[in-house]
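*Asks:* Predicted model follows, preceded by the sequence.
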Amino acid sequence: NAGVTQTPKFQVLKTGQSMTLQCAQDMNHEYMSWYRQDPGMGLRLIHYSVGAGITDQGEVPNGYNVSRSTTEDFPLRLLSAAPSQTSVYFCASSYSKVTRGVTEAFFGQGTRLTVV
Amino acid sequence: AQTVTQSQPEMSVQEAETVTLSCTYDTSENNYYLFWYKQPPSRQMILVIRQEAYKQQNATENRFSVNFQKAAKSFSLKISDSQLGDTAMYFCAFGRNSGYALNFGKGTSLLVTP
């Protein structure tokens, strides 16, 4: 049982480059989300999805796009990387309890992204 | 938006001792979930314990237990018989009953010393 798989684990980008962080889960969870973790800031929500075809913005969405064409996959796209996007990114999935309400999140191993 | 506050950025405890990490939160909802996650140096986020707000009984998982005070909006984590492997960052998180993701505190870095 793989759980939540994120790729890549490490990435260095130049300012202005674009890239996609991949996230896949095999637990048939309805909810998926992306967080960024910065020192002293905890985890902050970037975007989330409640099911295939449905996405919405979180606390810090600027500079990122998402889509969810299948239940399993939830990629995060950086459109034009900036040094402020240097961070550790986590993808998470969770099941809803009685079709609403998030239960515990299962996390991928994270991607450390550096933008130079 | 719900806010989660962890007032202790860093803590230290000796092996075999007990330590308590604090967490407070702000919400107007009556039903919700609370979690403690552990993040060791490997960066992996590991669920330690969870509490459902409608349950009055405090959750316990082996050496980990919580003190859930709903009226005070407090959710502290007690680690008994601390082990070197407990050294990690600990995050408190809030999940709304009608929400789709978690709100996290800024974390407490716990160091367990021999």
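*Replies:* Nice, thanks for sending it over. From a predicted model like this one, the values you see are computed outputs, not experimental measurements.
*Asks:* Please count neighbours and contacts with C-alpha atoms only from this point.
*Replies:* Fine.
*Asks:* Ranking helices and strands of chain A by mean pLDDT, which lands last?
*Replies:* Within chain A, no helix or strand scores below strand A:100-102, which has a mean of 56 by mean pLDDT, DSSP states H and E.
*Asks:* Next SSE downstream of that strand?
*Replies:* Using DSSP states H and E, the next helix or strand after strand A:100-102 towards the C-terminus is strand A:106-107.
*Asks:* which other helices and strands contact that next one?
*Replies:* Packing contacts for strand A:106-107, counted by 3 or more CA pairs under 8 Å, 6 or more residues apart in numbering or on different chains; DSSP states H and E, involve strand A:87-94.
*Asks:* Mind doing that once more with 10 Å?
*Replies:* Contacting strand A:106-107 under the criterion 3 or more CA pairs under 10 Å, 6 or more residues apart in numbering or on different chains; DSSP states H and E are the following elements: strand A:4-7, strand A:31-38, strand A:87-94, strand B:46-52.
*Asks:* Partner strands of the shortest one, with direction?
*Replies:* I take that to be strand A:4-7. With DSSP bridges as the test, strand A:4-7 is paired with strand A:19-25 (antiparallel).
*Asks:* try the last one
*Replies:* Strands that pair with strand B:46-52, judged by DSSP bridges, come out as strand B:32-39 (antiparallel).
*Asks:* returning to what we had before: what's the closest of the helices and strands packed on strand A:106-107 to B:Ala101?
*Replies:* In terms of CA to CA, the element of the helices and strands packed on strand A:106-107 nearest to B:Ala101 is strand A:31-38, at 6.7 Å.
*Asks:* sorry, back to before: tell me which of the helices and strands packed on strand A:106-107 approaches B:Asn97 most closely.
*Replies:* Set against B:Asn97 and scored by CA to CA, those come closest in strand B:46-52, at 9.7 Å.
*Asks:* Which positions within that closest one qualify as buried?
*Replies:* Residues of strand B:46-52 classed as buried: B:46-52 (neighbour count, 16 or more other CA atoms under 10 Å in any protein chain shown).
*Asks:* List the neighbouring strands of the following helix or strand past it plus their orientation.
*Replies:* For strand B:46-52, the succeeding helix or strand toward the C-terminus, using DSSP H and E, is strand B:60-61. In the sheet, strand B:60-61 lines up against strand B:64-69 (antiparallel) (DSSP bridges).
*Asks:* hmm, back to that, export the helices and strands packed on strand A:106-107 to TSV and append columns for mean pLDDT.
*Replies:* Listed next are these as TSV, based on pLDDT from 0 to 100:
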stretch	mean pLDDT
strand A:4-7	96
strand A:31-38	95
strand A:87-94	96
strand B:46-52	93
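*Asks:* Redo these as JSON lines? Include distance to B:Arg63.
*Replies:* Output for these, formatted as JSON lines (distance: least, CA to CA, whole Å):
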{"stretch": "strand A:4-7", "distance to B:Arg63": "27"}
{"stretch": "strand A:31-38", "distance to B:Arg63": "27"}
{"stretch": "strand A:87-94", "distance to B:Arg63": "25"}
{"stretch": "strand B:46-52", "distance to B:Arg63": "10"}
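*Asks:* Please identify which of those strands is closest to A:Gly110.
*Replies:* Among the helices and strands packed on strand A:106-107, the nearest to A:Gly110 by CA to CA is strand A:87-94 (4.6 Å).
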